[in-house]
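> Return a 3D structure for these sequence lines:
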Amino acid sequence: MSERFEDDELLEALAASIDAAQPMPASAVELARAAWDARALDAEFAALVADSLSPDEERLAVRAQSGPRMLSFSAGDVALELEVEPIGTGVHRVAGQLLPPGAARVTLERGGEAQHAEADATGRFAFERVGEGAVRLRVEDARDRAVVSAWFRV
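Numbering: from 1, shown residues only. Model prediction:
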């Protein structure tokens, strides 16, 4: 056990020496985040093709009076149908279906946060508790094909 402790001390001393000789630039965190976000560049962009809110309602983030908000995104031969329904103050349920149907990993992204869901064989998935704000969805199917939706407000 003392050998492991000595290894940790050695690594800490090495890290301190490197920091003293060549400190990490302040922009390193920003560059790392930009590199992480760039992974979406290999994905197809799914454009918003339909939204049940009028442009004025969307701009004001007002919920449609007649029920849940319905959104449709399209990227080539892939479509993403969403239903956004308030379930409490500032909290929504986001349910969707992939077309054509199929299993996939779906990630709801908001800034540095992410929630994950699995689409079943019929392409259906849901996020049960989504706070208000700008989000987007990233869908990765079994063939490693990635589709990223446009940002939208919940």
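
> Would you map the strands across the chain?
44-51, 69-75, 78-88, 91-99, 104-110, 113-119, 124-131, 134-141, 146-149, 152-153 (DSSP state E).

> So what's the residue count around the nearest residue to A95 once chain neighbours are set aside?
Nearest residue to A95, sequence neighbours excluded (C-beta to C-beta, 6 or more residues apart in numbering): A126, at 4.2 Å. Yep, even glycine has a C-beta here, placed from its N, CA and C like the rest. A126 sits with 14 neighbouring residues when counted by other C-beta atoms under 10 Å.

> related to what we said a few turns ago, hey, which of the strands of the chain is tucked in deepest?
strand 146-149 (a mean of 22; mean count of other C-beta atoms under 10 Å).

> Report the distance from it to the chain centre.
Relative to the centre of its chain, strand 146-149 is centred 10 Å away, using C-alpha atoms, centre = their mean, to the nearest Å.

> Direction included, what does it pair against?
strand 44-51 (parallel), strand 134-141 (antiparallel) (DSSP bridges).

> Output the first one in PDB, but only the C-alpha positions, please.
Think strand 44-51. The C-alpha atoms that make up strand 44-51 are tabulated as PDB, following Å, rounded to 0.1, in the frame of the first residue of the first chain:
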ATOM      1  CA  GLU A  44     -26.200  14.900 -40.300                       C
ATOM      2  CA  PHE A  45     -28.100  18.000 -39.400                       C
ATOM      3  CA  ALA A  46     -31.800  17.500 -38.900                       C
ATOM      4  CA  ALA A  47     -33.600  20.700 -39.700                       C
ATOM      5  CA  LEU A  48     -36.900  21.700 -38.100                       C
ATOM      6  CA  VAL A  49     -39.700  21.100 -40.700                       C
ATOM      7  CA  ALA A  50     -42.800  21.600 -38.500                       C
ATOM      8  CA  ASP A  51     -43.700  23.100 -35.200                       C
END
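
> Give the rounded mean pLDDT of it.
Strand 44-51 shows a mean pLDDT of 94.

> So in the protein, which helix runs the longest?
Ranked by residue count under DSSP state H, the longest helix found in the chain is helix 2-21.
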